[in-house]
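Undergrad: Have a look at this fold, sequence not included:
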C-alpha cells in the first residue's frame, strides 16, 4: 500500500474564528510534526487550499448568498499558515468546494502517486475534512484520521463529525500512533 498525507485548509482565514485561533499553535505544531514524519517515511505531502475570486463568482452558494469574503485569491487569508513547514517537493491542490476531490485534480494526483491510503488532517472537521473523508471512503481509500491535526471552529460539530468518521470511514490515530505505524512496514 502507498500512503499520502492530505492536509486540508490550514489557511489563515479559517483560523480567524476564536476557537481555531486558540487552537492554532497546537494544530500547526502537530501538523508540522505529522508532515515531518511523513517526509521521513517517504510519504508524499499534499496541501489542499480553498480559494475564491474576489467577486465570489466561483464560490459555493452559501458563500455567494452571504457575501462571505473568505479565502479570497491573492489575500493573506487564503495563504497557508506561515508557521507551517512546507517543502518545494510537496504537492498542492486548489479547491472551490468542501471536498478536496470535487472539481479538482486530486484523483489524478493520487493515481500518479499510486495511493491507496490517506492520512487526513486539517480544518474544519464538520465540513471540508468530513466531506473529503466521505469522498475518499467512496473511492475505497484506507483512511487514517490524524487526531492531533484535525479540528473545527465549532466544538460540537467537531465532536459529532469525529464520532461519525472514526471507526466507520477511517481510523483515528494520535501523532505518536502514526509515528509508530509509519516506522513499521505497514505504511508502505
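TA: Everything's here; your move. In this text the structure is predicted, and so the values were computed from the model without any measurement.

Undergrad: so who does residue 148 touch?
TA: Counting by C-beta atoms under 8 Å, 6 or more residues apart in numbering, residue 148 makes contact with 26, 30, 33-34, 174-175. In this view, the C-beta of every residue, glycine as well, is placed from N, C-alpha and C.

Undergrad: Please name the nearest non-neighbouring residue to residue 36.
TA: Leaving aside its sequence neighbours, residue 36 sits nearest to residue 85 (C-beta to C-beta, 6 or more residues apart in numbering; 6.8 Å).

Undergrad: doesn't that neighbour fall inside a strand?
TA: No - counting by DSSP: H, G, I helix; E, B strand; the rest coil, residue 85 is not part of a strand but coil.

Undergrad: low-confidence ranges in the protein?
TA: 185-188 (pLDDT under 70).

Undergrad: Select the longest helix from it.
TA: helix 18-40 (DSSP state H).

Undergrad: Which strands and helices lie in contact with it?
TA: strand 3-8, strand 45-50, strand 117-123, strand 142-151, helix 175-183 (3 or more C-beta pairs under 8 Å, 6 or more residues apart in numbering; DSSP states H and E).

Undergrad: So which of those has the densest surroundings on average?
TA: strand 3-8 (a mean of 27; mean count of other C-beta atoms under 10 Å).

Undergrad: tell me the angle of it relative to helix 18-40?
TA: Strand 3-8 runs at 160 degrees relative to helix 18-40, counting by axes from the mean of the first three to the mean of the last three C-alpha atoms, to 10 degrees.

Undergrad: Sheet-wise, list the partners of strand 3-8 with their directions.
TA: Partner strands and pairing direction for strand 3-8 (DSSP bridges) are strand 45-50 (parallel), strand 117-123 (parallel).

Undergrad: Turn these into TSV, including distance to residue 73.
TA: Shown next, in TSV, are the strands paired with strand 3-8 (distance: least, C-beta to C-beta, whole Å):
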stretch	distance to residue 73
strand 45-50	10
strand 117-123	19
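
Undergrad: So which of those is nearest residue 98?
TA: strand 45-50 (8.3 Å; C-beta to C-beta).

Undergrad: and after the closest one, which helix or strand comes next?
TA: For strand 45-50, the following helix or strand on the C-terminal side (DSSP states H and E) is helix 61-66.

Undergrad: Give me the contact list for that following helix.
TA: With C-beta under 8 Å, 6+ apart as the test, helix 61-66 has contacts from 52, 56-57, 68, 70.

Undergrad: ok, now with 10 Å
TA: 50, 52, 55-60, 68-71, 96-97 (C-beta atoms under 10 Å, 6 or more residues apart in numbering).

Undergrad: ok, so of the residues you listed, who is nearest residue 116?
TA: residue 97 (24.0 Å).

Undergrad: how many other residues sit next to the closest residue in space to that closest one that isn't next to it in sequence?
TA: Among residues not flanking residue 97 along the chain, residue 60 sits closest, at 5.8 Å (C-beta to C-beta, 6+ apart). Residue 60 has 15 neighbours, counted by other C-beta atoms under 10 Å.
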